[in-house]
Every structure is written in structure tokens, then in C-alpha cells.
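*Asks:* A structural model of the following input is requested.
(2 chains)
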2 protein chains.
Amino acid sequence: MSSFGATAAGGVDREAATADDGRTRRFLADWFDRHGLTTIVDAIGNMYGSVEFVPGAPYVLVGSHLDSQPTAGKYDGAYGVLAAAHAVHHLKEHVERGSLTPQFNLAAVNWFNEEGSRFSPSLMGSGVFIGKFDADEILKVTDRAGISVRDALSDIGFHGIDPAPEAVSYAEIHIEQGPILEKEGLRIGIVTANWAARKYSITVHGEQSHTGATHMALRHDALVGASRIVLAARELTRNFDDGLLLASVGQFDVEPNSPIVVPSKVTMAVDLRSSDPDVLEQAHEMLLAAIDEVTEVNVSIDTSSLRPSTSYQLEGVELAEEAAKDLGLSHRRMLTMAGHDSVNLKDIVPTVMLFVPSVDGISHSEKELTRDEDLLAGVKMLTETVARMVRGDIGAAHPAEFANASHTSS
Amino acid sequence: MSSFGATAAGGVDREAATADDGRTRRFLADWFDRHGLTTIVDAIGNMYGSVEFVPGAPYVLVGSHLDSQPTAGKYDGAYGVLAAAHAVHHLKEHVERGSLTPQFNLAAVNWFNEEGSRFSPSLMGSGVFIGKFDADEILKVTDRAGISVRDALSDIGFHGIDPAPEAVSYAEIHIEQGPILEKEGLRIGIVTANWAARKYSITVHGEQSHTGATHMALRHDALVGASRIVLAARELTRNFDDGLLLASVGQFDVEPNSPIVVPSKVTMAVDLRSSDPDVLEQAHEMLLAAIDEVTEVNVSIDTSSLRPSTSYQLEGVELAEEAAKDLGLSHRRMLTMAGHDSVNLKDIVPTVMLFVPSVDGISHSEKELTRDEDLLAGVKMLTETVARMVRGDIGAAHPAEFANASHTSS
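*Replies:* Numbers count the residues shown, from 1 in each chain, chains lettered A, B, ... in the order given. I've put the predicted structure just below:
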């Protein structure tokens, strides 16, 4: 699968609804087909490989995403989709063999545009699924070239017409994207909550002038002002205990960007995350104060959004812990620093989020690596966890409670 | 003329050999035609409006450039070309009337691609004219879209076949692009030398990772490293007396430039200038030391070039001073901080460079402004200066000395 959009450095470039994303999706649809799963594609391009055990019953969904950042690793997202497909196929055989009695139906999912690098925001397909976003509005979103989500999905043949299946619970497995499991020599992470995150779109307004003729005292250099904000964001992290706060600027565009013109404008995306909501709030106040101190230019905070820290349902955490214990896999509870489609799904159904170790904690990089033995242990763990979800260990007591919420997504 | 490539904010966008540059050039060629001047276009797209008074004699050239930065002011370059055209037309009438006895011929010039924003390097047309650049090599240079100078000039109909005229001396008038004349209430600046400049292409190499999942201690953030260099360049200027050093970063490109990816690479163009070559050398050493101190990333200085400070010929400075005195125009000697085509021309012929005041010293900006009375005084000053050059006050004693040099340019 990593041959689709493969990069020279051993990673992948497979942004949402590009030709390479389309090729990867067709590979997955073929795989579903060859393994007796029915491919369903909804209006926002989420694709499901489904099997119906109990006519009319809701679905246990298992998935992740096949899209990637522009230069990314092979594992982020894709591993979770492949693991889900294998788990679903394996459990289908168990049910057919009579060794598993299902209470619900089952589907592997590839959520559309988890990464958000081509079309913003991220977590797009799962956001539409849970009803957080309106599908029609999202289909109008355009990339930098002005191509809409609708046109991009149509171009690769994945603007579907199928209604999305109704969910009763959700499971996802992902590489940790951090060094904790590797450092502690553990196989499996069981996620209890996501880190809180604040994201800002900031514009620094300066005044264009000649680099070779404008006296320093007369300058309003947007790049100098923006650089101060980049370094202020980095400095924030030193105010807290090691590892409590992440702060970054990932996107940064300079205008007019000519060698002999003092920059007039910089637009930038600032990203703060913490496991502790209080730390995040303190960092937020400190960032605003630091921005206030930037002189020579005008700074406007165009958007500032908070993704709060919320918990995964305890019943799912405990189910996964039991499964790991029974399989003899070393494990611990942990938080997720990054966003995942499961952060969306847990708002409507009991959700289990699992991690496997990342070598050196590297991700969103062509150097991303998870060792084969960890990948295989993860598939085993996911399969066992989903087996328990399908037989009704969670989600069973209250399917009706979730029915309304998940219906809004189809 | 400022209607060609006019911007909403009252400036112009007329990069070299674009359609708008072509329109501006056709306007100028028509003007030459209507005023009895012969339009000559050489192979690198320099255009001359010439008049032959003395068959076989070399030419006094008077000019500047019509191309602009992407968002620029109306005056930079264009004023000098219009002033030159008016001066040439006016002096032609004087010669025809018998009130001026010419020793040389005369031509107004629009030099190709002074700005260097679309095609690099800057001062391209005058650089070919003086033989610093090879025309065939320069014609192969491409813009970011891969279009060559040759094709771009052909597309607008200005890849000429005429030999360039032989120069005996050169004059240019330009807005000051600094606040000195305005502050001192003077009409005319007479340039004695150009500032020394150092230009660097720098690449900061970091390591791509996930903004939301990579521990701060594991990061190699190219944007953080590059921001430190931007601020180090700014700090340099505080080590010297006010106005002695200019330091800027105008071009700055971040990769992969996605909101949730720690940047892996930044390429940037650093520009240092000083009136004092020793200050520039000290600043150069300080910049290298500051770059050495940048941690977490690798920094490579891809190119580092020096444009030394060199003098305009004293005979030209004195000629201009006499002209200003005779016209009753207040004036002073000064340096040019920015590059001009005259910096090239002075390497082969006696060259006079004149300035008119810039309001607030603003240039390379849509807010650029020179008041009408200053513009008109400048045309008067240029005309008087060129009249003296045409009658042979400078350049006369040694045309042969320069003949070889200027021949290499045609």
C-alpha cells in the first residue's frame, strides 16, 4: 500500500482526494471485494468495508485514514486502516465458523481527509459522520488551487451516494507518534483522553519597502514581527515542566517574498497542546501577552479555536485492558497528543483508541517507523478488542441512545 | 504610464517582460516615435530612443527602468525613463534650434529587468550592456514558472536584433528611496558612490515531525532556527551607529508548510548593506557567528556575494554640482543605498546619478511618493546635466579609452 504516493525517502505523499489517494482507495476497495466485504462510499468520501451479521443492527466501526501529509511516513493512518480491514475479515471468518456470536454488524472504515493538509479543517470525514460538520458545506471547501472537496472526490471516483452505516461503537489503532511506549518497552497504549489543543490563525501586517534603501527606524517588517511570535511560542514551553506543553508554528507564508523587499505580511498557524487544560489556558494567556509586546507591526489573531481535552469512555478502556491482559500484551493507559478520528467518534459512541510504539517518537516524517512485531501485536490486539465489541461487551445496553446521534451523520 | 499594471492601492505591478511591461514598453516606443526618436531594441530587451547628431560618434545615454517589483510604487524606475525621454526630446530641439552644439549623439534608455524579482539577478539589461553578463547565458535564465528570458521577451515583442549603441557617458535620475533629501529640505542629490552590499542564500535544515505529538526535546524545527537568523540579522544593526547598517530578510520559504507539521526546511535571502565597507565586513563576521550559534537545526550558507562600494567619477559629480548651482537648485552629495543601472554603467563610462526626494523615504511600496515640484525640478536638472554631457564637458577627452569596454556589450 505504501507504493501509492511513495516518496524517494521511503515515505508517502498522499494528500486527501489526490490521484494517489484515489489509487490507494481503489486498492482498499479491491481488498474488501476479494475478502467478501461490501464497499460503501458515503457523500463525503468515507469508505466502509462492511459485513452484515444481524440484519438491521447497527455497526461496530473500526478504522483510521489513508490520506497523508505532503511528505509523511508509511504508518500514520494507513496502518490503522489495514489493521481494521484484517480484523474485520478475520472476525467475519470467526462468525461464519461459529466461534463468535455477533450482536452487531461490522465494518472497516477509511475516513476522508483526517490530515487536513490539502483541505482544512482536519478530521473532515469523521466530523461529517458525527454531525459536527454539514456535508454540503464541507463539499464546498476548496484547496489552494481552488478545487472543491466535491470536485476532488468526484475526480477520483469517491464522491459516493451510499448512506453511512449506523455506528454502535468504534475502535481505532494508530502509531503512538510519541516515544513513551518505546521508552517503557510496552506493546500497547490504551488511550483515556485527548490532549487539549488551541489553534490560531495569525496575520502580521507590516509595510512593504526596499531592503536596500529603507532606514531601520522606518521599517515595519512583517517577517521580523512574525519571527518574534515563532520564538515566543517556542519560549512558552519552557515555562512548564518538561513535556507538559507543545507549541509550534507549522504554516508560515511571507508576502511579497522578494529578496529585496521588506515583507509586508506574514500569515501563520500556531498550534499549542497540553495534557493539562490549565497549562493550555496559561499558555494561551502568555501567547496573547507576547503577541501584544510585538512592536513595529500590527498583529491580528484571525481565528483562535479550542479543542478541549475529553475522555474516552471508561467501559472501552476497561474492555481493551481485559483484552490485552488475556492476550499477554504489555500495556498502559495514556493520553493522545495528536487528534484522531476517534476523538470525533467518541462524542457519539463508546470508542476504543489503541497505540503501538513509534521508534524515537517520530511521525509526520518519512523517517516514521513502527517495528513489524509491534505492528503484528497491534493487529492481534485490535482484532481481540473488536471481537468483544461485536459480541456486545460495550454499546449493547444502549444502542437506542446513540441511534439519533449517528443518524444525523448519514 | 502608471496605468500599465496599476494596482488597486495606487501602485504598479509590472515585473520584467510580463504583458504589462510589454504594454508600458509599447507606450514608450510610441512616445519615442511621436517625438522623432529612433527606437532601438537590443538582444537583451534594452530599448533606446536615439537621435544621431554626429554621424559615427558615441552616445550619451540617459535612462532607468520601467519594470517593477510585484507590488511597487509608480515612481521607482519609470520616473527616470520618462525624465530621460523628456530630456532627450528637449535637447534634440535645442540642437535643431542651434542653441546646443553636440559633440556626441544621445539616447534615452529603458534597461531590461533592473528589479530582478521575476528573473534573477537584478540589473540584468545594464549588466549585459557593460559586458558583465553574457547575453546568451542571461537569455536562458528562467522565472519560477520555467519561462526563459528569451521566451518572455519574444512573447512581448522585445527580443530585439539591433546592436546596442556605443556609450560615451551615462546619466540617470531616480527617487532617493531614503528620507535624507526630504529631511534636509533639498531638491537634488548627487550620488558619489554606492553602498556596499552582501547577499546570502541560506537554507535551514530541520526534521519534519508532528506538531501535536513530537516532544519539544526531540524537535529540529527549521522555522524556529530560521526565525533566530531573521532576528539575529535585525540585531546586527544595533551594533553600529544609527543608519550605518541595513539588514533584512526579504525572501523566506517554509517546507512542508502545513499547519500540523514541524517545518523541515526554510530557504531565505539575507541582505546586508552599509555605506562603510568595514562595517559591512564586521556585520558579515557577526552574522556568521550568530548563525553558528543556532542550535537544533543545520544551517548552510548556499551563496554569499559581495557588491563592493565603488565611486561615481568625480568629473560627473562636479559637472552635476555646477549644473545645480547654475539652475539654483538646492543639492548635496550623497551615497546610494540601493543598486541602480548606473552602478553598472559607471564601470565603463563617466556616469552621473541624481536623486529627487522620496516622501518618508518609502519605496518598493504602493505608498511611494515624490511631489510634483520635485519631479519637475529633477527633469530640469537632468536635462541641464545631459546638455553638458552632450556638448562634451565629460567623456570628451577619452572616448577611445571606453570604446573597447562598451563594444563588448553590444
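
*Asks:* quick one, strands of the stretch 51-200 of chain A?
*Replies:* A:59-64, A:105-110, A:167-175, A:188-194, A:196-205 (DSSP state E, counting those that start in this stretch).

*Asks:* Kindly report the same for the stretch 251-400 of chain A.
*Replies:* Using DSSP E, counting those that start in this stretch, the strands found in the stretch 251-400 of chain A span residues A:261-262, A:265-274, A:298-307, A:331-336, A:351-356.

*Asks:* Nearest to B:Y79, out of the ones you listed?
*Replies:* Closest approach to B:Y79 among the strands of the stretch 251-400 of chain A is made by strand A:261-262 (18.7 Å; CB to CB). Heads up, the C-betas are built off the backbone N, CA and C, glycines and all.

*Asks:* next one: the closest one to chain centre, how far?
*Replies:* 38 Å (CA atoms, centre = their mean, to the nearest Å).

*Asks:* Report all helices and strands that it contacts.
*Replies:* strand A:209-210, strand B:245-255 (3 or more CB pairs under 8 Å, 6 or more residues apart in numbering or on different chains; DSSP states H and E).

*Asks:* Tell me which of those sits most buried.
*Replies:* Of those, the one with the most neighbours on average (mean count of other CB atoms under 10 Å in any protein chain shown) is strand A:209-210, at a mean of 28.

*Asks:* And A:F355, how far from chain B?
*Replies:* Taking CB to the nearest CB, to the nearest Å as the measure, A:F355 falls 10 Å from chain B.

*Asks:* does that residue really touch A:E176, like I thought?
*Replies:* Yes. Using CB atoms under 8 Å, A:F355 is in contact with A:E176, at 4.2 Å.

*Asks:* Ok, which of the strands of the stretch 251-400 of chain A comes nearest B:G316?
*Replies:* Nearest of those to B:G316, taken as CB to CB: strand A:261-262 at 29.7 Å.

*Asks:* and the most centrally placed residue in chain A, what is it in contact with?
*Replies:* Taking CA atoms, centre = their mean, the centroid of chain A lies closest to A:H340, which sits 3.4 Å from it. A:H340 makes contact with A:64, A:114, A:123, A:172, A:174, A:194, A:353, according to CB atoms under 8 Å, 6 or more residues apart in numbering or on different chains.

*Asks:* could you redo the last one with a cut-off of 6 Å?
*Replies:* Counting by CB atoms under 6 Å, 6 or more residues apart in numbering or on different chains, A:H340 touches A:H174.

*Asks:* What does it show for phi and psi?
*Replies:* phi -140, psi 160 (degrees, to the nearest 10).

*Asks:* returning to what we had before: confidence-wise, which of the helices and strands packed on strand A:261-262 is weakest overall?
*Replies:* For these, mean pLDDT drops lowest on strand A:209-210, to a mean of 86.

*Asks:* need the next SSE after that strand, C-terminal direction.
*Replies:* Using DSSP states H and E, the next helix or strand after strand A:209-210 towards the C-terminus is helix A:222-236.

*Asks:* hmm, that following helix touching chain B?
*Replies:* Yes. For helix A:222-236 and chain B, the contact criterion (CB under 6 Å from any CB of the partner chain) is met by A:223-224, A:227, A:230-231, A:234.

*Asks:* So which of the residues you listed is the closest to A:Y79?
*Replies:* For the residues of helix A:222-236 next to chain B, the nearest to A:Y79 is A:R234 (30.7 Å; CB to CB).

*Asks:* quick revisit: distance of the residue nearest to the centre of chain A relative to B:R234?
*Replies:* To B:R234, A:H340 is 40 Å away according to CB to CB, to the nearest Å.

*Asks:* swap in A:A226?
*Replies:* The value you get for A:A226 to B:R234, if CB to CB is used, is 12 Å.

*Asks:* Tell me the residues of the stretch 251-400 of chain A that contact chain B?
*Replies:* Counting by CB under 6 Å from any CB, the residues of the stretch 251-400 of chain A near chain B are A:251-252, A:254, A:256-262, A:269, A:271, A:273, A:337-338, A:361-365.

*Asks:* Any idea which helix or strand in chain A has the lowest mean pLDDT?
*Replies:* Every helix and strand of chain A was ranked by mean pLDDT, DSSP states H and E. The lowest is helix A:399-407, at a mean of 40.

*Asks:* quick one, helices of the stretch 301-410 of chain A?
*Replies:* According to DSSP state H, counting those that start in this stretch, the stretch 301-410 of chain A carries its helices in the segments A:314-327, A:341-345, A:372-390, A:399-407.

*Asks:* related to what we said a few turns ago, put together JSON lines for the strands of the stretch 251-400 of chain A, with distance to B:D42 and mean pLDDT on each row.
*Replies:* Formatted as JSON lines, the strands of the stretch 251-400 of chain A follow (distance: least, CB to CB, whole Å; pLDDT from 0 to 100):
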{"stretch": "strand A:261-262", "distance to B:D42": "28", "mean pLDDT": "93"}
{"stretch": "strand A:265-274", "distance to B:D42": "38", "mean pLDDT": "96"}
{"stretch": "strand A:298-307", "distance to B:D42": "46", "mean pLDDT": "93"}
{"stretch": "strand A:331-336", "distance to B:D42": "65", "mean pLDDT": "96"}
{"stretch": "strand A:351-356", "distance to B:D42": "67", "mean pLDDT": "98"}
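
*Asks:* any chance of these in JSON lines, plus distance to A:Y48?
*Replies:* Formatted as JSON lines, the strands of the stretch 251-400 of chain A follow (distance: least, CB to CB, whole Å):
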{"stretch": "strand A:261-262", "distance to A:Y48": "51"}
{"stretch": "strand A:265-274", "distance to A:Y48": "30"}
{"stretch": "strand A:298-307", "distance to A:Y48": "26"}
{"stretch": "strand A:331-336", "distance to A:Y48": "23"}
{"stretch": "strand A:351-356", "distance to A:Y48": "16"}
